[in-house]
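Visitor: starting from these lines, generate the structure:
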Amino acid sequence: MSTALYCRVSTVKQDVAAQVKMLKDYCSNQGISKFKIYSDVGISGVRDSRPQLDLLLKEVRLGSIRTILLTKLDRLGRSLKHLLNLLAEFKNRNVRLVSIADGIDTSNDSPMNRAFWQLLGIFAELEREIIRSRVLGGLDRARASGRRLGRPVGAGDKRKRATSGYCLRYAGRDKESRKLGKRSPTQGVD
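Guide: Numbers count the residues shown, from 1 in each chain. Model prediction:
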């Protein structure tokens, strides 16, 4: 195996099927028949460490991967520093990186191609920061309007609970009297 297909989606509600199809179609058109798919689902591109990306990088370092295919550069990462570090590592290990939608192929190592790669990384990071600022702005507006954020406090019913059952249950005379569940009216009485 020398070709890896890498896919990533940020939430578990999303699906990598469209990315996989695009990558498989590219492989078919290029005559690549042997490849392995790595996909991280529900993991942000901001994180440098992702389970499937880490596995892919481990195999790159072992020398078993020569080409990495992506649908878009932002699937690999949304941090310029991380992208540049990965690009440098791939270049040092003679690993070809192809981003289909962005039209990037690192086997064509020209100054224009490197500049284009860096610009795309900058825009991926900019997009992430814009999304982050919108989310934070939405949270600020919700707080200003009096909405409570976070998990609901307490249980749904507000009945007063006696603590004596808790004390009797866990003070326990024997293992059977410490079990949770319904208690008989005579259980725990001296």
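Visitor: which stretches of the chain form strands?
Guide: 3-9, 36-41, 67-70, 96-99, 104-105 (DSSP state E).
Visitor: adding mean pLDDT, distance to residue 61 and mean neighbour count, write these out as CSV.
Guide: C-betas here are computed from N, CA, C, even on glycine. Below are those laid out as CSV (pLDDT from 0 to 100; distance: least, CB to CB, whole Å; neighbours: other CB atoms under 10 Å):
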stretch, mean pLDDT, distance to residue 61, mean neighbour count
strand 3-9, 92, 13, 23
strand 36-41, 91, 14, 18
strand 67-70, 94, 13, 22
strand 96-99, 90, 15, 19
strand 104-105, 82, 22, 17
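Visitor: in CSV, list the ones you listed along with distance to residue 149.
Guide: Shown next, in CSV, are those (distance: least, CB to CB, whole Å):
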stretch, distance to residue 149
strand 3-9, 25
strand 36-41, 26
strand 67-70, 35
strand 96-99, 37
strand 104-105, 40
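Visitor: right, and those strands - which one's nearest residue 139?
Guide: Distance to residue 139, taken as CB to CB, is lowest for strand 3-9 among these, at 22.9 Å.
Visitor: off-centre distance for that closest one?
Guide: Strand 3-9 sits 13 Å away from the centroid of its parent chain (CA atoms, centre = their mean, to the nearest Å).
Visitor: contacts for it?
Guide: Applying CB atoms under 8 Å, 6 or more residues apart in numbering, the set of residues contacting strand 3-9 from outside is 15-16, 19-20, 23-24, 27, 32, 34-43, 45, 50, 52-53, 56, 59-60, 65-71, 75-76.
Visitor: need the pLDDT of the spatially most central residue of the chain.
Guide: Taking CA atoms, centre = their mean, the centroid of the chain lies closest to residue 43, which sits 0.6 Å from it. Listed pLDDT for residue 43 reads 82.
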